[in-house]
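Student: compute the structure for the input listed below.
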Amino acid sequence: MFRFAILLISFWLLAGLVYADFPAQSARTYSEVEVFLDKTSSFETLAAAGLIFDHIKILEKSAEGLRFKTVVNSSEMEILKQSGLSFKVLIADVVQDFLARQKQINAASLVREDLPAGFEYGSIGGYYTFDEVVNELDSMRLNYPHLITAKQSIGKSIENRDLWMVKISDNPDVDEEEPEVFFTALHHAREPGGLMTLMYFMDYILEQYGVDAQVTYLIDHREIYFVPVVNPDGYVYNEQTNPDGGGQWRKNRRPVQSWYGIDLNRNYGYQWGYDDAGSSPYPFSDTYRGSAPFSEPETQAIRDFINSRNIKCVLNYHTYSNVLIYPWSYIAALTPDSITYMEYGDLLTSQNRYGFGNCNQTINYNANGDADDWMYGEQSEKAKIFALTPEVGDDSDGFWPDQSRIVPLCEENLKSNLNLTWLAGAYPRARSFQIIFDDNGNGFAEPGEQIKIVCQSKNIGLSNGQNISVAIGSDLAEIQPVNSASGIVHASFPAHSTVNDTFLLGIDENLAEGSKAVLTLNYTMDGYTLIDTLGYLVVGTPLVVFMDNAENGLENWHTGEEWGLENDALNSGNTVFSDSPDKLYENNANNRLTLKDALQLPTADRIYLSYLTRWNVERGFDFATVQISTDSVNWETLQTSSMQPASGKGQQASGDFGYDGFTSFWKWEWIDITDYQTADRLFLRFRLQSDGGEAKDGWRLDNIQVLAYNTLPSSVADQGGLTAKTAYLSPAFPNPFNAVTTLRYYLPRGAFVQLNVFDVKGQKIAVLVNKVQKAGRHTLRFDASGLASGLYFIQLKTENQNQIRKALLLK
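Tutor: Okay, here's the model as predicted:
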């Protein structure tokens, strides 16, 4: 409290001294500093004293406090000095640092033949001036009058400059009934990376129309709006003060008492001025919110334009932090549409690997009166809009990335822009599939069979789809659809709804068991076919080496302090394994689910580790990995197509692969572990590691299995192939079961076999097998319809082996 009082007194003295004259603002120096905020201080305390940090980068979070770096101007530096906080200056003058780095760049070497023909570097550090932006918009209209409108002013700035808007569509001068998407940049004048990203995207799609089928479809079926410069006055001011680039002016240029400028991204009407931590009431602050909501002509222009349209989704481009932000920003809470936002966040960052979340989750502070919150939250004058903010570039790029970084940043956001354009309309995506019929009724897809599968799709877009045809595909010629290649047509496919389609697949009789096919769903809309991966189909009836579906508890696992069980509504309420049951995982966690008993793999041509999973793990920093070991000491990390390469940051060690980001649905994973079958012992573990940053919901697993396949066709399977070193009884499948379950066992050599069933009292209640049997695989059905619900024990007894499995009967 004493420190806070001193800080307030110092603040008011500094307010009179530092900000007394008007011209002083143009002479501000901006420095990068590293600050340690101990547990006795808070961002709210500093905000009350007029110091609101912008774009902080967390370096370390511990019980003692928070260490971060950020950029402050010379006035904020004075407040920081009086605060008593521990800090050090990393870069004394970020503008001079930018200019020094620019001198080391050979601009001519950055020209590439593969760039869009209309895209070129600008004259201020490689960035366009405001006049150059206007000229580029005019050139686009001149070169592509059939695809882009002439620039139109949607309003004037405080210094009477135009806020220019253009639309790209197949009939740009006609207001068609097509889904609308909107892109903006330069709310903040010192963040031109967003401007260049949009200009690159515009040039790319104009040039690719008629060449790239996806781009052509999107332009034909969307209206794509752009306002590349929301804050022209602030941007021109930076041109004037720093003609070589690097200018740090953020706000617009409204005169306010003895100061200049309103932070346009604190001036929108939803929860404007909610508190003084998420925006500043002081005119000298870089986050000054203005005298009233929508007090500025620039935000009024954006408001009025949006209210005149039917826009579905928006990207408001900013720099920097390598994150994608969505509401809420004014508070740390999630919106009612948080699952949709997380799904969109994962989709939009699938290429650039940015972190995503709300304002507090991603950049560690709240911001009130911003564009995203108003676009999403205000729903009386307009419909709800899904608005998001990409913060382009990392902390080493800063507000003005080097010219050498302009194109890479544009390229890493290209897929994000295309995906957002998809989201404005119908956007069908594959979700999951299940085998519901096979010829012999054992639940497996075998060579020579026809199988019937149900496939689920979801329209994740924001508009209803019409006349969408869904067909199934396979990457193996030996697995193909039967009489359904033309697809199933959905006359209506509402936004956010799911549909189930049933397909018949034929499997060639000579296809080797253990073959793994990639199944796709192919969605045809108005002549364009969108292909999405559905999952893997593995052919054959396996030997079940291990199976655990979590219904029987944790007896097979070492769980550490965190792993446990929970019921998952997205998995039909089934019990599943969770690294942090019914809560977020902890900071600095190292949660491991380790198999207690070593596995002994059979000799087979194909062995897979398979499991169901879904996850919500901090992108780029925390990691969920699957590991294997032959000695339980040295572990190797396994890889699936759903995993991502490690970022080298946080807990993601370079060279590893694992899960991060978010998936809203359960998916089957298959990992080939055939190469480990020569090991005497094999251990498995599932590991969740987190750093000191954002905690998420974590990792869930179910139906963990190790399955071995013989690659010989089923017609000759009994002639050899799959061999185990000892007799082996697989877990019952399904388990738990209702009335009937399937038992499978393997004999390495001919032997006298007893297969018995006992109840929990140890009483033998059934003898299923009692005879000599030949070597090989054996399968039978255990019909327990005459037994009461409960736990039963299946015993496989041979001359030199006695093995027992549990089976739970639930009627």
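Student: my guess is residue 530 contacts residue 471. True?
Tutor: No: under the criterion of C-beta atoms under 8 Å, residue 530 lies out of contact with residue 471, with a separation of 11.2 Å. C-beta: built from backbone N, CA, C; applies to glycine.
Student: so what's residue 356 up against?
Tutor: Residues counted as contacts of residue 356 (C-beta atoms under 8 Å, 6 or more residues apart in numbering) are 323-326, 342, 345-346, 348-349, 362, 619, 661-662.
Student: filter these down to just the ones in helices.
Tutor: 342, 345-346, 348, 362 (DSSP state H).
Student: return the closest of these with respect to residue 634.
Tutor: residue 346 (32.6 Å; C-beta to C-beta).
Student: look up how far residue 367 lies from the closest one.
Tutor: According to C-beta to C-beta, to the nearest Å, residue 346 and residue 367 sit 23 Å apart.
Student: follow-up on the earlier one: which residues do residue 530 and residue 471 both contact?
Tutor: When C-beta under 8 Å, 6+ apart defines a contact, the residues bordering residue 530 and residue 471 alike are 522, 524.
Student: for residue 236, what are its contacts?
Tutor: For residue 236, the contact set (C-beta under 8 Å, 6+ apart) comprises 129-130, 159, 161.
Student: report the central residue of the chain.
Tutor: Averaging the C-alpha coordinates of the chain gives a centre point, and the residue nearest to it by C-alpha atoms, centre = their mean is residue 346 (2.0 Å).
Student: so that one is in contact with residue 659, correct?
Tutor: No: counting by C-beta under 8 Å, residue 346 does not reach residue 659; the two are 11.0 Å apart.
Student: doesn't residue 744 belong to a strand?
Tutor: Yes: Residue 744 forms part of a strand when assessed by DSSP: H, G, I helix; E, B strand; the rest coil.
Student: so where's the stretch 401-550 of the chain shaky on pLDDT?
Tutor: Where the stretch 401-550 of the chain drops to pLDDT under 70, the residues are 484-486.
Student: can you give me the helices in it?
Tutor: Listed from the start of the chain, the stretch 401-550 of the chain has helices (DSSP state H, counting those that start in this stretch) covering 406-412, 414-423.
Student: tell me which other helices or strands the shortest one touches.
Tutor: What it means is helix 406-412. On a contact count with 3 or more C-beta pairs under 8 Å, 6 or more residues apart in numbering; DSSP states H and E, helix 406-412 meets helix 192-208.
Student: next SSE after the helix it packs on?
Tutor: Heading C-terminal from helix 192-208, the first helix or strand you meet, by DSSP states H and E, is helix 213-221.
Student: please point out which parts of that following helix sit buried.
Tutor: Residues 215-219, 221 are the ones in helix 213-221 that count as buried (16 or more other C-beta atoms under 10 Å).
Student: which of those sits closest to residue 518?
Tutor: Distance from residue 518 was checked for each of the buried residues of helix 213-221 by C-beta to C-beta. The minimum falls on residue 217, at 23.5 Å.
Student: check contacts around the residue lying closest to that closest one once chain neighbours are set aside.
Tutor: Taking C-beta to C-beta, 6 or more residues apart in numbering, and ignoring the residues beside it in sequence, residue 217 has residue 528 as its nearest neighbour in space, at 3.9 Å. With contacts taken as C-beta under 8 Å, 6+ apart, residue 528 has the following neighbours: 213-214, 216-217.
Student: of all those, which two lie farthest apart?
Tutor: Largest pairwise distance in these, by C-beta to C-beta, is 7.2 Å, between 214 and 216.
Student: just name the closest of the contacts of residue 528 to residue 102, please.
Tutor: Nearest to residue 102 among the contacts of residue 528, counting by C-beta to C-beta, is residue 214 at 35.8 Å.
Student: now the strands for the stretch 251-400 of the chain?
Tutor: 255-256, 259-260, 311-317, 323-325, 355-357, 386-391 (DSSP state E, counting those that start in this stretch).
Student: need these in TSV (columns: distance to residue 37 and mean pLDDT).
Tutor: Putting the strands of the stretch 251-400 of the chain into TSV (distance: least, C-beta to C-beta, whole Å; pLDDT from 0 to 100) gives the following:
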stretch	distance to residue 37	mean pLDDT
strand 255-256	29	96
strand 259-260	27	94
strand 311-317	28	99
strand 323-325	20	96
strand 355-357	20	94
strand 386-391	21	98
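Student: right, and those strands - which one's nearest residue 93?
Tutor: Distances from residue 93 to each of these were compared by C-beta to C-beta, and the smallest falls on strand 259-260, at 20.9 Å.
Student: is it true that residue 505 touches residue 479?
Tutor: Yes: when contacts are counted by C-beta under 8 Å, residue 505 is listed as touching residue 479 (5.8 Å).
Student: list the residues that contact both of these two?
Tutor: residue 537.
Student: from residue 542, how far off is residue 777?
Tutor: As judged by C-beta to C-beta, residue 777 and residue 542 stand 10 Å apart.
Student: residue 427 too?
Tutor: For residue 427, the distance to residue 542 under the criterion C-beta to C-beta works out to 36 Å.
Student: how does the protein divide into domains?
Tutor: Dividing the chain into domains by the TED database, as the record does, gives the ranges 30-92, 113-424, 428-533, 543-709, 728-809.
Student: which one, of these, ends up nearest to residue 99?
Tutor: Between residue 99 and the domains of the chain, the tightest spacing by C-beta to C-beta is seen for domain 113-424, at 5.9 Å.
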